[in-house]
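S.K.: have a look at this prediction, sequence included:
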Amino acid sequence: MSNSNKIKSIALLGTGLMGRPMAVRILNAGYSLSVWNRTVAKVRPLLDLGAKGAATPSEAAAGADLLITMLADGPTVSHVLFDNGVADALSPGSIVVDMSSIPPSMARDHAERLAKTKILHLDAPVSGGTKGAAEGTLAIMVGGTAEAFEISMPALRSMGRPTLVGKSGSGQLAKLANQTIVAITIGAVSEALLLASTGGADPQKVREALSGGFADSLILKLHGQRMLDRDFMPGGPTRMQVKDLRTILETAKNSGLELPVTETITAMYEDLLESGYGECDHSAVLLELERRNVGKRLGIKPDQIPSD
């Protein structure tokens, strides 16, 4: 049997902002899919597309060749896998692909625990936001064995571009590198646009002028436009960005590293979270920058933020 034929049935645990469009991509690729989410309402739209709903995580996992977790954090992943009976429901030879963002040390621990019952494990966090999830263009950073990666490749390709970056935990390290660049660049874009606007330049035209130059990036294009539109409805929520930044600094500390730029942007995001903007998109760091610069504001449009 070729690797492309080994995966027939998939279970997905976590159908929130990212998990739901990922589930749609899996269904469109022709896989049998069982789904579970703590909030049942988030599962219902997928049932109309052919997914099978499960009352518990272990029910979803039973019989799955591949189990995908897309959950809030490391402790939640650990609880669902090992306290809710999911690991026990999986058969030897099946594969767990954790696409959540969790500490690298925790990913390595999960791989070791699952290996004792001959279950393969990949840590495969993603980048690309809800847009990338919907379009199937996610960057998928994978840690684990080449064997598990090759078997999982067709399913992963239905959601984006998977790259094996090293042994267990390496996918999470790559995600931390990604989140370091993302957070710092969002901060840089917010400062640059506010600087240009305060000085009298048209910030929309400045953004266009920078296109194609060394300062150009997806963040300037997408998040820069969000800032100009003052659209802070969540793609990547601030609370999740803060979670990742805390993990970055803790991992750096354990490795004997000092990351001063990351420490600075983390402090801004922590203040933004403390101000009650945790559900806003992480581009809302602009709001914290404006708070620190009293009387300075980017544009005149009203803020679009999630309601309580």
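M.R.: Arrived safely, thanks for sending. Numbering: from 1, shown residues only.

S.K.: can you give me the helices in the stretch 51-200 of the chain?
M.R.: 57-61, 74-78, 86-89, 104-115, 129-135, 146-157, 170-199 (DSSP state H, counting those that start in this stretch).

S.K.: nearest to Q225, out of those?
M.R.: Among those, helix 170-199 comes nearest to Q225, with 10.1 Å by CB to CB. C-betas here are computed from N, CA, C, even on glycine.

S.K.: state the distance from V35 to T130.
M.R.: Note on V35: its distance to T130, by CB to CB, to the nearest Å, is 17 Å.

S.K.: apologies, that question was intended for L71.
M.R.: The spacing between L71 and T130, counted by CB to CB, is 16 Å.

S.K.: settle it for me: which of these two has more neighbours?
M.R.: L71 (24 against 17; other CB atoms under 10 Å).

S.K.: do I have it right that the more buried one meets S100?
M.R.: Yes. At 4.7 Å, L71 counts as touching S100 under the criterion of CB atoms under 8 Å.

S.K.: shared neighbours of those two, which are they?
M.R.: Overlap between the contact sets of L71 and S100, as judged by CB atoms under 8 Å, 6 or more residues apart in numbering, is given by G14, V77.

S.K.: how many neighbouring residues does R161 have?
M.R.: Counted with other CB under 10 Å, residues neighbouring R161 total 15.

S.K.: kindly apply the preceding question to E258 instead.
M.R.: When neighbours are defined as other CB under 10 Å, E258 has 9 of them.

S.K.: cool, N293 as well?
M.R.: Here the number of neighbours of N293 (other CB under 10 Å) works out to 13.

S.K.: can I assume it is in contact with L195?
M.R.: No. Here N293 does not reach L195: they are 10.0 Å apart, not a contact under CB under 8 Å.

S.K.: quick one: average confidence on the helix or strand harbouring P21?
M.R.: If you go by DSSP states H and E, P21 is part of helix 19-28. Averaged over helix 19-28, pLDDT sits at 98.

S.K.: which residues sit against it?
M.R.: For helix 19-28, with CB under 8 Å, 6+ apart as the criterion, the contacting residues are 10, 12, 15, 33, 35, 37, 42, 45-46, 49-51, 68, 70, 99, 130, 133-134, 136, 138, 155, 158-159.

S.K.: swap in 7 Å and give it another go.
M.R.: Where contact means CB atoms under 7 Å, 6 or more residues apart in numbering, the residues beyond helix 19-28 that reach it are 10, 12, 15, 33, 35, 42, 45-46, 49-51, 70, 130, 133-134, 136, 155, 158-159.

S.K.: where does this protein have low pLDDT?
M.R.: For the chain, applying pLDDT under 70 flags the ranges 1-5, 308.

S.K.: domain assignment for it?
M.R.: Per automatic domain parsing, the structural domains of the chain span 3-168, 173-292.

S.K.: most packed of those domains?
M.R.: Burial of the domains of the chain is given as mean neighbour count (mean count of other CB atoms under 10 Å); domain 3-168 ranks first at a mean of 20.

S.K.: so how far is that one from its chain's centroid?
M.R.: From the chain centre to the centre of domain 3-168 is a distance of 13 Å (CA atoms, centre = their mean, to the nearest Å).

S.K.: try stretch 228-245
M.R.: Using CA atoms, centre = their mean, the distance between the centre of stretch 228-245 and that of its chain works out at 11 Å.

S.K.: for it, measure first residue to last.
M.R.: For stretch 228-245, the first-to-last residue distance is 25 Å (CA to CA, to the nearest Å).
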